[in-house]
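> fold the following and give me the result.
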Amino acid sequence: MSDLFPDNIPSVRSDPLDGDRPLADRLRPQTLDEVIGQSHVMGEDGTLRRMLASGRLGSLILWGPPGTGKTTVARLLADAIGYRFEQISAVFSGVADLKKVFETARTARRAGQKTLLFVDEIHRFNRAQQDSFLPVMEDGTVVLVGATTENPSFELNAALMSRAQVLRFQSLDRDDLEALARRAEAELGRALPLDGDARETLISLADGDGRAFLGLIEEVDAATGPDETLDHAGLTKLVQRRAPIYDKSQDGHYNLISALHKTVRGSDPDAALYYFARMLDAGEDPMFLARRLIRMAVEDIGMADPQALPIATAAKDAYHMLGSPEGELALAQVVVYLATAPKSNAVYTAYKGALALAKQTGSPTPPMAILNAPTKLMKSEGYGEGYIYDHDTPEGFSGQEYFPEKIGRQEFYKPIERGFEREIRKRMEYFGKLREARRDQSG
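Residues are numbered from 1 along each chain as shown. Sure thing, here's the model as predicted:
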């Protein structure tokens with residue numbers, strides 16, 4: 001639990017009309033010490049505390065999921081340091097709005113008043129709009145505090161990022177939400193009408209979003225009588241499950257597919273199944289997952305288990321045949337198979353090496369011996385001369401040179417001592433000895 005939240009905060013309701021305001025608004029912290037969570041930036045040694053102690057506040061980008069206090073912290077920062085607070089949303093603002101805000105800030109600056117400009121959803125501004133902040137940040141007209149739920153590395157201009165410090169806000173943990181529940185109980189004047197299991201369920205339904213959690217509490221409070229207590233079943237019947245934080249075109253999507261890929265590569269079937277299930281639960285297209293599993297089979301397993309690719313492809317076909325929800329089980333089977341298979345990226349590395357050489361060396365002619373000679377002229381020019389038909393040799397291996405003379409022999413594929421590649425390595429070593437013997441004979 002955050003050490004910034006006192007356990008015994010009394011009810012803050014002072015106006016009978018407060019009951020008409022949403023609970024999240026009524027419980028909005030009035031000072032930075034009342035903020036729940038984010039102790040890594042708000043604590044005694046946190047970044048914001050050090051800024052405030054120095055009396056200087058630089059521009060910031062607050063990055064984190066919804067309901068973690070970004071807007072509240074921005075407003076309280078302005079109060080704590082004595083700046084006027086101006087707020088706009090990138091969803092509803094355009095160039096004309098920005099010009100008006102900047103001019104107001106300039107007027108205030110001439111009067112000796114500094115401005116903290118809070119921009120919600122700042123990632124929704126286009127490149128030109130983001131660039132418009134640079135002059136007013138540089139000349140001190142505003143201290144910019146932007147809030148975003150998306151990764152600023154991808155969504156914000158490099159110039160803007162270089163002039164602001166990024167602070168990562170984290171989802172509220174279980175203890176933070178429990179503290180928020182106690183504050184809500186003090187405001188409502190009664191304990192939440194939930195037994196222990198139902199209380200834990202409500203906390204899990206919030207998914208780390210404090211604003212959504214207070215909305216769920218309001219829903220429970222409004223729907224229950226003074227002597228009613230809900231159990232887990234009663235609560236789940238009453239409230240709708242919140243959708244997980246996931247946008248198939250944004251950060252949550254890339255975070256989870258990265259986690260799935262790395263847990264498969266790391267041979268952890270349990271963690272891999274967990275991230276696979278999370279993506280399906282959030283509404284991911286199973287065919288996207290099927291395609292990624294096929295990619296894992298060729299990128300991270302390759303010839304260490306040659307069956308990985310046909311099995312992954314078969315699971316994709318099985319999903320097509322069965323549909324949902326039965327088809328997902330075929331994909332889950334592949335997740336386990338790939339995670340427990342021997343790993344090798346030798347083919348992947350070899351391909352990248354061959355591609356790089358192909359790009360660098362242009363178009364050298366292959367050895368004449370391995371070129372077809374369909375015409376008399378080509379035969380007279382030496383096409384196909386000296387070619388050895390491998391099946392006519394005792395070992396089925398001629399050992400002749402296939403690389404262009406301009407390049408010379410190269411080695412891209414280096415099988416490792418795992419899985420089936422151990423056997424391939426033996427074959428290649430055998431072929432290598434035969435090739436050296438033939439070279440010695442011809443030399």
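
> from now on I want contacts and neighbour counts done on CA atoms only, so please keep to that.
OK.

> contact partners of stretch 192-208?
Stretch 192-208 is contacted by residues 67-68, 171-174, 177-178, 185, 212-213, 216-217, 220-221, 224, 228-233, 235, 241-242, 244-245 when judged by Cα atoms under 8 Å, 6 or more residues apart in numbering.

> show me which of these are buried.
Among the contacts of stretch 192-208, the ones that count as buried by 16 or more other Cα atoms under 10 Å are 67-68, 171-174, 177-178, 185, 212-213, 216-217, 220-221, 230-232, 235.

> for the chain, which spans come out with low pLDDT?
1-19, 240-251, 443 (pLDDT under 70).

> remind me, longest helix of it?
helix 421-442 (DSSP state H).

> now that one, how far from the chain's geometric center?
Here helix 421-442 is found 45 Å from its chain centre; the criterion is Cα atoms, centre = their mean, to the nearest Å.

> buried ones in that helix, by neighbour count?
In helix 421-442, counting by 16+ other Cα under 10 Å, buried: 421, 424, 425, 431, 434, 435.

> residue 153 versus the residue minimising distance to the centre of the chain, what's the distance?
In the chain, the centroid-proximal residue (Cα atoms, centre = their mean) is residue 255; its distance is 2.0 Å. Going from residue 255 to residue 153 by Cα to Cα, to the nearest Å gives 14 Å.

> looking at the contacts of stretch 192-208, which are in helices?
Going by DSSP H, the helices hold 174, 177-178, 185, 212-213, 216-217, 220-221, 232-233, 235 from these.

> identify the farthest-apart pair in those residues.
185 and 233 (21.8 Å; Cα to Cα).

> quick one: the strands in this protein, in order.
For the chain, strands defined by DSSP state E occupy the ranges 60-63, 84-89, 115-120, 142-148, 165-168.

> hey, which of those is tucked in deepest?
Among these, the stretch with the highest mean neighbour count (mean count of other Cα atoms under 10 Å) is strand 142-148, at a mean of 26.

> name the residues that touch that one?
By Cα under 8 Å, 6+ apart, the residues outside strand 142-148 that reach it are 57-64, 70-71, 74, 102, 105, 114-123, 136-137, 164.

> okay, now the sheet partners of that strand, with direction.
In the sheet, strand 142-148 lines up against strand 60-63 (parallel), strand 115-120 (parallel) (DSSP bridges).

> ok, which of these comes nearest residue 380?
Each of these has some distance to residue 380 by Cα to Cα; the shortest is strand 60-63, at 71.4 Å.

> what does the closest one rub up against?
Outside strand 60-63, the residues touching it (Cα under 8 Å, 6+ apart) are 70, 144-152, 164-169.

> show me which of those residues is closest to residue 38.
Among the contacts of strand 60-63, residue 169 lies closest to residue 38 (Cα to Cα), at 6.2 Å.

> doesn't residue 65 make contact with that closest one?
Yes: proximity of residue 169 to residue 65 meets the contact threshold set by Cα atoms under 8 Å, at 7.2 Å.

> could you chop this protein up by domain?
When the chain is parsed with automatic domain parsing, its domains come out as 38-168, 174-238, 251-340, 364-442.

> can you redo those domains as CSV with distance to residue 25?
Converted to CSV, the domains of the chain look like this (distance: least, Cα to Cα, whole Å):
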stretch, distance to residue 25
domain 38-168, 10
domain 174-238, 9
domain 251-340, 27
domain 364-442, 59
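
> which one of these lies closest to residue 23?
Comparing these by Cα to Cα, domain 174-238 comes nearest, at 6.2 Å.

> sorry, back to before: okay if I get the strands of the chain as TSV plus distance to residue 109?
Below are those laid out as TSV (distance: least, Cα to Cα, whole Å):
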stretch	distance to residue 109
strand 60-63	20
strand 84-89	10
strand 115-120	8
strand 142-148	9
strand 165-168	23
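
> and of those, who's closest to residue 367?
Evaluated with Cα to Cα, the strands of the chain place strand 165-168 nearest to residue 367, the distance being 57.4 Å.

> now do the closest one: distance to the chain's middle.
17 Å.

> just say which of the domains of the chain is most tucked in.
domain 251-340 (a mean of 19).

> measure how far it is from the centre of its chain, please.
For domain 251-340, the distance to the chain centre is 17 Å (Cα atoms, centre = their mean).
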